[in-house]
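# quick one, fold the following:
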Amino acid sequence: MADDMKAFEETFCGVWKWDRDENLKETMTRMKYPENETDMYCLMKPTIYIERRGDEVYMKFDMGSNIVHDCQFQFGVEFETKDDLMNSFHNKETATFKDGVITFKARTQLTGPGKCDTYSEFLIKDGELHTPMSPLDDTSFNGNRIYKRA
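Model (predicted):
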């Protein structure tokens, strides 16, 4: 576990600034997110802060406009994430780290349009952080946010 955490820390820890999106709006539309929620999300240009805290990971997503979401978790242990500001998500998630890729499986606790279980990854490609997201039950398509180190 210590070697895995060291590899995680060397690869991901730091500050990542949004650079661009690929297929994000199309993917969110296909996942049946409400149009206003999709438009708002696609306007945000987040900064991600990733820290190692012992055997745990702390992530803070600064979405701008005083919107911040954060979570702390251990790989392989279910944790909860919730948006108390806009009530746009409430998930039970599990994250794993294997072969240089962080995977997140999120099971929504909400119902309604765009409230679906998701699968996402964090991986480094050409020095950039890629964060593709798709429905948990259909990873044949995804929307990707790409970040550069700050």
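
# I'd say residue 22 and residue 144 touch.
Yes. Between residue 22 and residue 144 a contact is recorded at 4.2 Å, counting by Cβ atoms under 8 Å. Every C-beta, even on glycine, is put in place using the N, C-alpha and C of the backbone.

# out of the two, which sits in the more crowded spot?
residue 144 (18 against 13; other Cβ atoms under 10 Å).

# average pLDDT for the host helix or strand of the more buried one, rounded please.
If you go by DSSP states H and E, residue 144 is part of strand 144-149. Mean pLDDT, strand 144-149: 98.

# what's that strand in contact with?
14-24, 46, 48, 127-133 (Cβ atoms under 8 Å, 6 or more residues apart in numbering).

# buried subset of those residues?
Neighbour counting by 16 or more other Cβ atoms under 10 Å classes 16, 18, 21, 24, 46, 48, 129, 130, 131, 132, 133 among these as buried.

# could the residues you listed go into CSV alongside distance to residue 34, secondary structure and pLDDT?
Shown next, in CSV, are the buried ones among the contacts of strand 144-149 (distance: Cβ to Cβ, whole Å; DSSP: H, G, I helix; E, B strand; the rest coil; pLDDT from 0 to 100):
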residue, distance to residue 34, secondary structure, pLDDT
16, 27, strand, 98
18, 22, strand, 98
21, 18, strand, 98
24, 15, helix, 97
46, 20, coil, 96
48, 24, strand, 98
129, 27, strand, 98
130, 26, strand, 98
131, 21, coil, 98
132, 21, coil, 98
133, 16, strand, 97
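
# the residue nearest to residue 15 when sequence neighbours are not counted: what's it in contact with?
Closest residue in space to residue 15, ignoring its immediate chain neighbours: residue 150 at 3.9 Å, by Cβ to Cβ, 6 or more residues apart in numbering. By Cβ under 8 Å, 6+ apart, residue 150 lies in contact with 14, 15, 16, 17, 47.

# how near is residue 150 to residue 84?
26 Å (Cβ to Cβ, to the nearest Å).

# can you give me the neighbour number for the nearest residue to residue 16 once chain neighbours are set aside?
Sequence neighbours aside, residue 147 is the residue nearest to residue 16 in space, at 3.7 Å (criterion: Cβ to Cβ, 6+ apart). If you count neighbours by other Cβ under 10 Å, residue 147 ends up with 21.
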